[in-house]
Each structure stands twice: as structure tokens, then as C-alpha cells.
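[1] curious how this folds, go ahead:
(one chain, ligands or ions: 1)
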Amino acid sequence: MIYILDTADLAAIRHCNEFYPLAGVTTNPSIIARENTDFWTLVEQIRAIIGEDKMLHVQTTQTTAEKIVEEAKLLKERLTGEFYVKIPIGEEGLKATMELKKLGIGVTMTAIFTPTQALMAAMAGASFVAPYVNRLDNIIGDGTRVVAEIVNQLEMYGSDCKVLAASFKNAEQVHLCASYGCHSVTVTADILKLLISHPMTDAAIAGFEKDWKAVYADKTILDF
Ligand code: E4P
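    Numbers count the residues shown, from 1 in each chain. Sure, this is the predicted structure:
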């Protein structure tokens, strides 16, 4: 499983990059706008925190193939390293994806809600497709089932495009995606924490500490 952080909050990125096996960061225009600061300063700071080897996915703000390609080239040039341009699915986006494929710029096709959209994006040359799990669940669209169908179809057609499931509101959605063989997920820092949390784990750790201290007080193994 490839874990990616879905935020532009620098403190959250610093923290999660240090404590979790993160493969990179994804953003979208809403996420960037939430920070309400200079665009280039923000994304370059994200790149500086995660380094050149980790993936940085930044979404285009353009709507025509020509302008999407122009923006993607500029983003790639300034953000360097493992960079992917996020492009919403649509005719202009597909055309841009086919051109960017020839230029060697990775594309994450986003705003995916159906397997038919995902398959088309993969055939156009997208490196990742990003289905929105929770937004589908919100309308009884069964987001994780859609992810499972996309995973199966990409495998059936021998595509090397990866599924980057997005839009999560709980750990169960992430767990089901993992069970269905989804290649990667992009989640918030809160969801990342939920994935490793369990009250029985807390109780077990408290029990170990209590039993140890009852005999050895504050001494640790390093003090023996
Ligand atoms: C990522 O590609 C998506 O833009 C993001 O995960 C959407 O999440 P949301 O539905 O919580 O806004």
C-alpha cells in the first residue's frame, strides 16, 4: 500500500513525513485555497519538506488541453523530482494526458466517480486514477465497491495505471480499499492516525508500563 497525505498544511506534512511511511503529498485547489497564501511559496515548501524522491501531486487550474499542458510543464519545471499533475477527467483533460504522456510528465486523473472514467483515463496514459470514495458514499454510491471494480478492470486490461483512492472520512473505507487490492490511498493526517489507533492497544501499553514500574520504578533497560 502506498500512503499519501492529502493536505497542504505544512505542520501536518512535517509531522506525518517524520512519523509515517509516507510516499508523498496530494493537493487540490480547495486544499491549497484553505491555506490562503502564496501558491509557489506553499508548494515549494511542501517539496522542501518531503524531498525530491517523494511524490508531489498538484492539480491544474486550467480547463483547456493546451493550457493544462502549459501549466503542467511549468509545475514540473519548478517542483522537480517525483511530480504528478492532477487533471480532472473530461475531454480536454484526456487530450492533455495523452500529450503529457509523450512529454514524460506523470498525470493523476482526478474527480473519478465511475469505472468507465477510470479505464478511459488509464488508456489515455494516466499514471494514477483518483476515485472519491466518501463523496460516493455520501450519495449511497458505494465508494469502495467502485474502487474494487476499477482495480479489477485495470488488472484485466493489463494497465500499469495505479488506483489512488481519495476522499476518505473513516478508517473502514481505507481498510476496504486495501482489502480490494487498491494500490494507494491519499488521506488526511487524522485518518492516518486513525489507521494505527485502537483503545485495546492503549490499554495494553498502559498495562506494560504499570507492571514494569511496580518492580523497576523509573529504571529502563538502558539503566541496567
Ligand atoms: C484527492 O485527490 C481529492 O481531491 C480529495 O481527496 C477529495 O477529498 P474530499 O472529498 O474530502 O474533499
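[2] now stretch 95-108: buried residues?
    K95, A96, T97, M98, E99, L100, I105, G106, V107, T108 (16 or more other CB atoms under 10 Å). Any C-beta I mention is one placed from the backbone N, CA and C, and that applies to glycine too.
[3] and these, which is closest to the ligand?
    The ligand has its nearest neighbour among the buried residues of stretch 95-108 in T108, at 7.3 Å by CB to the nearest ligand atom.
[4] just to revisit the earlier point, quick one: which of the buried residues of stretch 95-108 sit in helices?
    K95, A96, T97, M98, E99, L100 (DSSP state H).
[5] and this structure, which of its residues are near the ligand?
    Within the chain, the residues that sit near the ligand (CB under 6 Å from any ligand atom) are D6, T26, N28, T110, A130, Y132, N134, R135, A166, S167, T186.
[6] thinking again about what came up before, need the ones in helices among the buried residues of stretch 95-108 in TSV (columns: pLDDT).
    Shown next, in TSV, are these (pLDDT from 0 to 100):
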residue	pLDDT
K95	98
A96	99
T97	98
M98	98
E99	98
L100	98
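[7] could you point out the longest helix of this structure?
    helix 199-216.
[8] packing partners of it?
    For helix 199-216, there is no helix or strand it packs on, judged by 3 or more CB pairs under 8 Å, 6 or more residues apart in numbering; DSSP states H and E.
[9] any regions of this protein where pLDDT drops low?
    Within the chain, no range satisfies pLDDT under 70.
[10] any idea what the residue nearest in space to the middle of the chain is bridged to?
    Residue closest to the average C-alpha location in the chain (CA atoms, centre = their mean): T186, at 2.5 Å. Beta-bridge pairing of T186 under DSSP bridges involves I4.
[11] tell me if T37 really is in a strand.
    No. Using DSSP: H, G, I helix; E, B strand; the rest coil, the assignment for T37 is coil, not a strand.
[12] list of residues touching stretch 74-91?
    24, 26-28, 40, 43-44, 47, 51-60, 68, 71-72, 93, 96-97, 100, 105-112, 117, 120-121, 126-128, 130 (CB atoms under 8 Å, 6 or more residues apart in numbering).
[13] same thing but at 7 Å, please
    Contact with stretch 74-91 is made by 24, 28, 40, 43, 47, 52-60, 68, 72, 93, 96-97, 100, 105-112, 117, 121, 127-128, as judged by CB atoms under 7 Å, 6 or more residues apart in numbering.
[14] for that stretch, buried residues please.
    Buried-residue list, stretch 74-91, by 16+ other CB under 10 Å: L75, K76, L79, E82, F83, Y84, V85, K86, I87, P88, I89.
[15] returning to what we had before: of the residues of the chain next to the ligand, which qualify as buried by neighbour count?
    Buried among the residues of the chain next to the ligand by 16+ other CB under 10 Å: D6, T26, N28, T110, A130, Y132, N134, A166, S167, T186.
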